[in-house]
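*Asks:* Next input, structure requested:
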Amino acid sequence: MKASIKSLFENPSAAYDKSFQVAGWVKSLRKSKKFAFLVLNDGSCFQDLQIIVDADLPNYENATSVSTGYCVKVEGKVVQSGGRQALEMQASSVEIVGTVPEDYPLQKKSTSLEFLRENAHLRARTNTLSAVFRVRHQLCMATHDFFNKKGYYYIHTPIVTASDCEGAGELFRVSTLNAENPPRTDKGEVNFSEDYFGKQTFLCVSGQLEAESLALSLGGVYTFGPTFRSENSNTPRHLAEFWMVEPEVAFADLEDIAALGAEYIQYLISWALKHCPDEIAFFEKQYKEGLVETLNHVVSSEFKKITYTEAVEILQNSGEKFEFPVAWGSDLQTEHERFLTEKHFNSPVIVTDYPKEIKAFYMKQSDDGKTVRAMDILVPGVGEIIGGSQREDDLEKLKKRMQEMNLPEKEYWWYLDLRRFGSAPHSGFGLGLERAVMYITGMSNIRDVIPFPRFPKSVEF
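*Replies:* Below is the predicted model:
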């Protein structure tokens, strides 16, 4: 009977004295004249399976010639272990499926995360990265479970787009034109009317605008897919390609969407603690002391809500010396956000009502004429983990704001139609999956929580 190592450890007593076939990659081998201990992992769980190979096995010498990285298939009887684990296997046959040469990059000795990034095609075989990707999987499952239970519909928004959702200009162009000799207009400009789509197109920075149109038809929706930013940043918190979770909810105001975001974060953490206890324990031991306590604190805490103006006052009166000065009208930096969550409130914080000059065109304008109905959710240890807003549903106000930001109405005609044809209050937020994985695992570099990271000057694999 074929089995994963995870399935054996999930119910050890049901596996005792039964024969199974397992397959995976060798972690280590200890050999003597009478028997050998073969340690195997198949990636299905954090635990390794110890396999006892007796010397009377017909191909004993060949079966125990393996080393770290070999792929093997083993048949044998599961027995109760005399060691720390609940079970082990007594091999009746060992078949070598794939060998490795002496220059196999992942030897038994520990390797740096930087080295593993250079060997991203193999790094999921390590304890750290396999644990990261199992947690990532569970957070994806939690996301779908959470929004499905809310009655929201999972939608798919375009990856190729002609509009810049954020208006920041950090876009990757998509084109089939000849890069060395593109067609040109009479003015000498590139003639994009001859391009594949007949105009300039880009990789999306967000699925929000399209999600709004579906929310104003279906009520509550969420999109969960890849997004792209051409920001030339080499920090441990930025990627050029990352995954975004973006719910949009009709008839929801800022308070509604902030409460939804807080509930979602707590749901993600609770799900990870329940479904990945071994992985989380490993991360706490190896990478972030106090991780479990921090996560449980967020789950059990009430999220403190303050305005941006109140946040600035707190920071200015704190007596703390910040690297970046605090002034009304400037965006909050990570150090400011962490001060609020870790030192001042000792809890997650929701900051609302940001200056409109530092926020996107689509955000609901407040009556004061200076701020918009935007919010960020900040958590201890990271700072911002969610950003969202109530969307501007007033056609004239939206058009005026677009004019102020020099955004061409003709490119957003369909978006403006949503305000012309049965407009309704609606709100939404975005959560970067990689930021959430970083937070819940305690990993410090975003390049270590996505299988094949994309960042400036790097597009390997």
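*Asks:* And the average pLDDT for stretch 287-297 is what?
*Replies:* On average, the pLDDT along stretch 287-297 is 96.
*Asks:* Just the CA atoms of it, as CSV, please.
*Replies:* Backbone C-alpha positions of stretch 287-297 (Å, rounded to 0.1, in the frame of the first residue of the first chain) are rendered in CSV as follows:
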residue,chain,number,x,y,z
TYR,A,287,14.6,31.7,13.4
LYS,A,288,12.4,33.7,15.8
GLU,A,289,12.3,33.3,19.5
GLY,A,290,8.9,34.0,21.0
LEU,A,291,7.1,33.5,17.6
VAL,A,292,4.3,31.4,19.0
GLU,A,293,3.6,33.9,21.8
THR,A,294,3.6,36.7,19.3
LEU,A,295,1.1,34.9,17.1
ASN,A,296,-1.2,33.9,19.9
HIS,A,297,-1.1,37.5,21.2
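*Asks:* Centre of the chain to that stretch, how far?
*Replies:* 18 Å (CA atoms, centre = their mean, to the nearest Å).
*Asks:* One more: stretch 175-186?
*Replies:* The answer for stretch 175-186 is 37 Å, by CA atoms, centre = their mean.
*Asks:* In CSV, list the C-alpha atoms belonging to that stretch.
*Replies:* The C-alpha trace of stretch 175-186 is given here as CSV (Å, rounded to 0.1, in the frame of the first residue of the first chain):
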residue,chain,number,x,y,z
SER,A,175,4.6,44.1,-25.9
THR,A,176,5.2,42.1,-29.1
LEU,A,177,6.7,45.0,-31.0
ASN,A,178,10.3,44.7,-32.3
ALA,A,179,12.4,46.0,-29.5
GLU,A,180,15.3,47.0,-31.8
ASN,A,181,13.1,48.7,-34.5
PRO,A,182,9.6,49.4,-33.2
PRO,A,183,7.1,51.1,-35.5
ARG,A,184,6.9,54.9,-35.0
THR,A,185,4.4,57.7,-35.4
ASP,A,186,4.9,60.8,-37.4
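*Asks:* let's number from 271 now, not from 1
*Replies:* I'll keep to 271 as the first residue from here, and by that count the last item is stretch 445-456.
*Asks:* Give me the contacts around it.
*Replies:* Residues outside stretch 445-456 that contact it (CB atoms under 8 Å, 6 or more residues apart in numbering) are 460-462, 464-466, 470-471. In this view, the C-beta of every residue, glycine as well, is placed from N, C-alpha and C.
*Asks:* swap the cut-off to 6 Å and go again
*Replies:* For stretch 445-456, contacts defined as CB atoms under 6 Å, 6 or more residues apart in numbering pick out 460-461, 464-466.
*Asks:* Just the buried ones from those residues, in PyMOL syntax?
*Replies:* Buried members of the contacts of stretch 445-456, defined by 16 or more other CB atoms under 10 Å, are picked up in PyMOL with:
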select buried, resi 465
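*Asks:* okay, the contacts of stretch 445-456 in TSV with secondary structure and distance to residue 686 next?
*Replies:* Listed next are those as TSV, based on DSSP: H, G, I helix; E, B strand; the rest coil; distance: CB to CB, whole Å:
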residue	secondary structure	distance to residue 686
460	strand	27
461	coil	27
464	helix	28
465	coil	25
466	coil	26
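*Asks:* out of the contacts of stretch 445-456, who's nearest residue 602?
*Replies:* Among the contacts of stretch 445-456, residue 460 lies closest to residue 602 (CB to CB), at 38.6 Å.
*Asks:* For the closest one, give me its contacts.
*Replies:* residue 452.
*Asks:* next one: residue 482
*Replies:* residue 518.
*Asks:* Could you double-check that residue 309 sits in contact with residue 297?
*Replies:* Yes - with contact defined as CB atoms under 6 Å, residue 309 counts as touching residue 297 (4.3 Å).
*Asks:* shared neighbours of those two, anything?
*Replies:* residue 318.
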